[in-house]
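In: Make a model of this:
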Amino acid sequence: MEYKKLCLTGLFLLLLLPAVTAAGVGFLEIIPAETTLLYRSYSRNGEESSFFVETVTSTEYQGVDAYTVNVEMDDGARSVRVIVFPGGRPLLIRDYGKNGEKTKEVEYINGSVHFTFPGKKKRINLQGDDYYDLSTLVLVFRTFPFGRGGKVDFRVVMDGSQGSPLGTFSMYVQEVGREQVTVPAGEYDCYKLEMGVGGLAGIFARSYKYYFWYTAQEPHFLVRYEAKKERGVIELMATGGWEALPRP
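Out: Numbers count the residues shown, from 1 in each chain. Alright, predicted model coming up:
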């Protein structure tokens with residue numbers, strides 16, 4: 001299971017249907033806290049677990065105050081994502097393979113998105129300001145208006161790789177409950193969010209649901225993630241880096 005794709009591969013064709021986005025309450029104009037979190041990723045189909053560390057830090061990018069999300073996988077692959085807050089707008093995403101080679105770069109420049117893959121380039125134009133990059137949603141969802149039972153409609157940008165469509169597509173995320181969640185890092189009081197396909201495509205994609213559990217207390221970091229149809233799971237191992245990984 002790929003963390004950066006959030007197990008969304010199965011619904012790509014459905015997203016090609018026309019999108020009609022309803023009005024939502026919107027994410028909050030707040031700034032997430034800096035964190036370092038260790039996660040485990042696995043499939044309930046019995047696939048082997050993998051681990052990754054997500055580090056969120058404040059930074060400056062081309063003269064703009066921003067946040068950097070560094071994701072380091074246990075096989076040596078990594079990703080760097082630069083996002084502006086408040087707002088959660090993506091600026092730059094770079095993915096690297098386990099041997100250090102750059103496998104993808106995405107730049108958001110003046111209302112357009114530039115994708116660079118080995119030997120290939122793509123570009124799409126954006127309209128409006130409700131778009132978010134697929135790889136940055138976990139951090140953006142920290143700014144959800146928790147505790148209000150609300151729903152946020154938004155558009156997600158997809159890069160056209162690995163069989164996915166290229167463009168922006170309608171999605172929603174809504175609060176569906178509050179639960180006590182136990183993961184290897186401990187027990188947490190969490191808000192449960194459901195993400196699904198918006199617009200007309202949502203009628204045909206009802207089985208594609210994605211669940212996120214965020215701490216009820218600030219800084220609202222992710223504790224658990226489940227992809228219902230793909231059976232993928234991500235869960236918090238520890239609030240710390242690789243040194244927090246339990247050793248045999």
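In: contacts for the helix or strand harbouring residue 105?
Out: In the assignment (DSSP states H and E), residue 105 maps to strand 102-109. Outside strand 102-109, the residues that touch it by C-beta atoms under 8 Å, 6 or more residues apart in numbering are 89-97, 113-118, 126, 133, 159, 161. (C-beta placed from N, C-alpha, C; glycine too.)
In: which of those count as buried?
Out: 89-96, 113, 115-117, 126, 133, 159 (16 or more other C-beta atoms under 10 Å).
In: wait, residue 33 sits on residue 219?
Out: Yes. Applying C-beta atoms under 8 Å, one finds residue 33 in contact with residue 219, separated by 3.5 Å.
In: Would you mind measuring from the most centrally placed residue in the chain to residue 46?
Out: In the chain, the centroid-proximal residue (C-alpha atoms, centre = their mean) is residue 137; its distance is 3.0 Å. Distance, residue 137 to residue 46, using C-beta to C-beta, to the nearest Å: 27 Å.
In: now do residue 89
Out: With C-beta to C-beta as the criterion, residue 89 and residue 46 are 38 Å apart.
In: can you confirm residue 142 is in a strand?
Out: No. Residue 142: not assigned to a strand; according to DSSP: H, G, I helix; E, B strand; the rest coil it is helix.
In: Point me to the helix or strand that includes the residue nearest to the centre of the chain.
Out: Secondary structure (DSSP H and E) places residue 137 in helix 137-140.
In: State the next helix or strand along the chain beyond the helix or strand bottoming out on mean pLDDT in the chain.
Out: For the chain, counting by mean pLDDT, DSSP states H and E, helix 201-204 ranks last in confidence among helices and strands (a mean of 50). Heading C-terminal from helix 201-204, the first helix or strand you meet, by DSSP H and E, is strand 210-215.
In: helix or strand right after that following strand?
Out: Next element after strand 210-215 (DSSP H and E): strand 222-227.
In: tilt between the helix or strand following that following strand and strand 210-215?
Out: Sequence-wise, the next helix or strand downstream of strand 222-227 (DSSP H and E) is strand 232-238. Relative orientation of strand 232-238 versus strand 210-215 (axes from the mean of the first three to the mean of the last three C-alpha atoms, to 10 degrees): 10 degrees.
In: what helices or strands is strand 232-238 leaning on?
Out: In terms of contacts (3 or more C-beta pairs under 8 Å, 6 or more residues apart in numbering; DSSP states H and E), strand 232-238 is packed against strand 35-43, strand 166-183, strand 222-227.
In: To residue 245, which of the ones you listed lies closest?
Out: strand 35-43 (6.1 Å; C-beta to C-beta).
In: Could you spell out the sheet neighbours of that closest one, each with its direction?
Out: Strand 35-43 sits in its sheet next to strand 50-61 (antiparallel), strand 232-238 (antiparallel), going by DSSP bridges.
In: Which residues outside it are in contact with it?
Out: Under C-beta under 8 Å, 6+ apart, the answer for strand 35-43 is 1, 3, 48-56, 184-185, 219, 221-222, 230-242, 244-245.
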